[in-house]
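*Asks:* give me coordinates for this.
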Amino acid sequence: MSTLSPPTEQASNLVEMRRFLPEGTPEVVVHDAKPRRRLAATPFKYRDPRSIQPRGWVYGFHYIRKFVSATVAPGGVGKSSLGIVEALAMATGRPLLGIAPRERVKVWLWNGEDPMEELERRVGAAMLHYGIQPEDVEGWLFLDSGREMEILLAVQLPGGATLNHPTIQEIQQTILDNDIGAVILDPFVSIHRVSENDNGMIDMVAKAIAGIADRTNCCFDLVHHVRKTNGGEVTVEDGRGAVALLGAVRAARAMNQMSQDEADRWGVENRRLHFRYFDGKANLAPPSEGSTWFKMESVDLENGNAKHPSDRVGVVTRWETPNAFDSVTMEQMHEVRHRVSEGKWRESSQSREWVGYLVAEVVGLNPGEKADKARIQTILKTWFANKVLKVVTDKDAKGNPRPFVAAGDMQG
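*Replies:* Below you'll find the model as predicted:
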């Protein structure tokens with residue numbers, strides 16, 4: 001293939017004049033003498049950082065304009081339900097889950113698994129729970145089902161994978177025509193027909209979506225399934241298939257259902273209604289210190305009739321882990337300090353004289369309950385760290401040295 005530039009106007013005129021030349025004259029096309037430059041390094045020009053526009057975070061540190069994010073979770077945890085409430089939060093500009101959107105944006109939610117009627121149930125239930133009126137989302141929320149409108153960005157052919165450029169162009173134009181600021185594609189596996197395990201193919205699909213995000217100034221969230229973890233903690237690295245997807249996104253979060261140990265610690269009866277996510281990859285923002293917790297609340301649609309009962313639909317709500325020091329007062333703390341000074345209380349929870357029994361009596365907890373005992377242990381751990389209490393060595397009734405608890409050296 002020639003690397004010369006296309007014919008100039010002068011060359012084209014010479015070719016046009018060829019019809020006046022004698023028959024048999026050789027065909028000649030004249031090019032510019034200077035080859036066309038296809039690639040070049042760009043010299044860096046310093047810009048005052050204060051003049052650079054801040055990153056376009058839309059919602060928390062997950063949705064960001066011009067970039068693609070990913071949500072990784074096992075089936076049945078609540079990832080699709082979370083996406084619905086987040087879409088409503090961005091479309092209304094309201095902090096439905098305790099996160100205030102930085103701007104109100106139009107949202108396009110596409111679900112490749114559920115029929116449209118089921119999506120209407122789920123969105124309707126969330127609107128009922130949060131008191132959102134139809135006029136609040138009219139023109140701001142766009143909802144589609146893959147059963148009615150398939151999105152297929154790439155296919156794998158005998159000769160390799162290829163992008164579906166007409167569909168890519170249609171998505172891009174739809175976003176621009178409707179001024180959409182956020183797109184949620186759920187799940188990622190439904191928008192392509194290439195091998196999930198091929199890094200090159202998955203990278204191609206992810207980069208195509210990133211290109212749409214860049215050209216439309218839009219943010220994307222790709223909801224992704226995980227491979228089997230045999231009950232272990234799910235991380236963003238557990239996303240099914242090739243790791244190229246994780247490499248292509250700029251923020252990723254993993255979702256986990258509440259464990260039995262966590263349920264026992266906090267006194268939660270139905271742990272399966274609770275889940276959390278944490279930022280497993282946030283290379284444009286500092287990682288979160290801890291997880292964000294949610295709970296599924298059942299909402300009655302009141303749509304029953306003579307043949308069928310009313311539908312109840314789960315809606316994601318924010319949930320806070322119990323604070324061990326809720327209702328614990330300074331007076332109670334000082335009473336514990338005073339009473340350990342007058343008695344002989346042991347550090348070990350296996351002892352009949354465990355100091356936790358004293359804390360339970362003063363604070364009003366039941367050490368026989370798992371949740372209360374875990375709370376007592378948290379209180380003690382904090383008080384030891386803050387020098388409210390301290391461990392000293394003393395002799396027990398048999399004259400053997402044992403660790404006992406005494407008032408600490410705290411000031412005040």
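
*Asks:* the stretch 51-200 of the chain: helices as residue ranges?
*Replies:* 79-92, 116-130, 134-137, 165-178, 199-216 (DSSP state H, counting those that start in this stretch).

*Asks:* any buried residues in the third one, and which?
*Replies:* Buried positions in helix 134-137, judged by neighbour count with 16 or more other Cβ atoms under 10 Å: 136, 137. Any C-beta I mention is one placed from the backbone N, CA and C, and that applies to glycine too.

*Asks:* can you name every helix or strand that it contacts?
*Replies:* helix 79-92 (3 or more Cβ pairs under 8 Å, 6 or more residues apart in numbering; DSSP states H and E).

*Asks:* okay, the angle between the helix it packs on and helix 116-130?
*Replies:* Here helix 79-92 runs at an angle of 60 degrees relative to helix 116-130 (axes from the mean of the first three to the mean of the last three Cα atoms, to 10 degrees).

*Asks:* about what we covered before: so which of the helices of the stretch 51-200 of the chain is nearest residue 254?
*Replies:* Of all the helices of the stretch 51-200 of the chain, it is helix 79-92 that lies closest to residue 254, at 10.1 Å by Cβ to Cβ.

*Asks:* now do the domain split for the chain, please.
*Replies:* Here the domain parsing of the chain from automatic domain parsing is 1-39, 57-318, 330-407.

*Asks:* just those domains: most buried one?
*Replies:* domain 57-318 (a mean of 18; mean count of other Cβ atoms under 10 Å).

*Asks:* any low-confidence regions in the chain?
*Replies:* Within the chain, the segments meeting pLDDT under 70 span 1-37, 281-289, 412.

*Asks:* residue nearest the centroid of it?
*Replies:* Nearest to the geometric centre of the chain sits residue 253, at 4.0 Å (Cα atoms, centre = their mean).

*Asks:* what residues does that residue make contact with?
*Replies:* By Cβ atoms under 8 Å, 6 or more residues apart in numbering, the contact list for residue 253 reads 62, 69, 70, 71, 72, 236, 277, 278, 279, 280.

*Asks:* state the three-state secondary structure for it.
*Replies:* strand (DSSP: H, G, I helix; E, B strand; the rest coil).

*Asks:* which non-adjacent residue is nearest it?
*Replies:* residue 277 (4.6 Å; Cβ to Cβ, 6 or more residues apart in numbering).

*Asks:* grab the nearest non-local neighbour of residue 354.
*Replies:* Of all residues not flanking residue 354 in the chain, residue 346 sits nearest, at 5.6 Å (Cβ to Cβ, 6+ apart).

*Asks:* just checking, residue 278 touches residue 252?
*Replies:* No. If you go by Cβ atoms under 8 Å, residue 278 and residue 252 don't touch, sitting 10.2 Å apart.

*Asks:* quick one on the thing from earlier: the residue nearest to the centre of the chain and residue 372, how far apart?
*Replies:* 32 Å (Cβ to Cβ, to the nearest Å).

*Asks:* need the domains of the chain in CSV with distance to residue 47, can you?
*Replies:* Formatted as CSV, these follow (distance: least, Cβ to Cβ, whole Å):
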stretch, distance to residue 47
domain 1-39, 23
domain 57-318, 18
domain 330-407, 47
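
*Asks:* show me what the helix or strand harbouring residue 265 is packed against.
*Replies:* Here residue 265 is covered by helix 260-266, with elements defined by DSSP states H and E. Packed against helix 260-266 by the contact rule (3+ Cβ pairs under 8 Å, 6+ apart) you find helix 370-385.

*Asks:* convert the helix or strand that the helix it packs on is followed by to CSV, retaining C-alpha atoms only.
*Replies:* Counting by DSSP H and E, the element after helix 370-385 in chain order, helix or strand, is strand 389-395. Listed next in CSV are the C-alpha coordinates belonging to strand 389-395 (Å, rounded to 0.1, in the frame of the first residue of the first chain):
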residue,chain,number,x,y,z
LEU,A,389,-9.0,-0.2,81.0
LYS,A,390,-5.7,-2.1,81.2
VAL,A,391,-4.5,-5.6,81.8
VAL,A,392,-2.4,-6.2,84.9
THR,A,393,-1.0,-9.4,86.4
ASP,A,394,-2.3,-10.4,89.8
LYS,A,395,-2.8,-13.7,91.7
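
*Asks:* I'm done for today, thanks for sticking with me.
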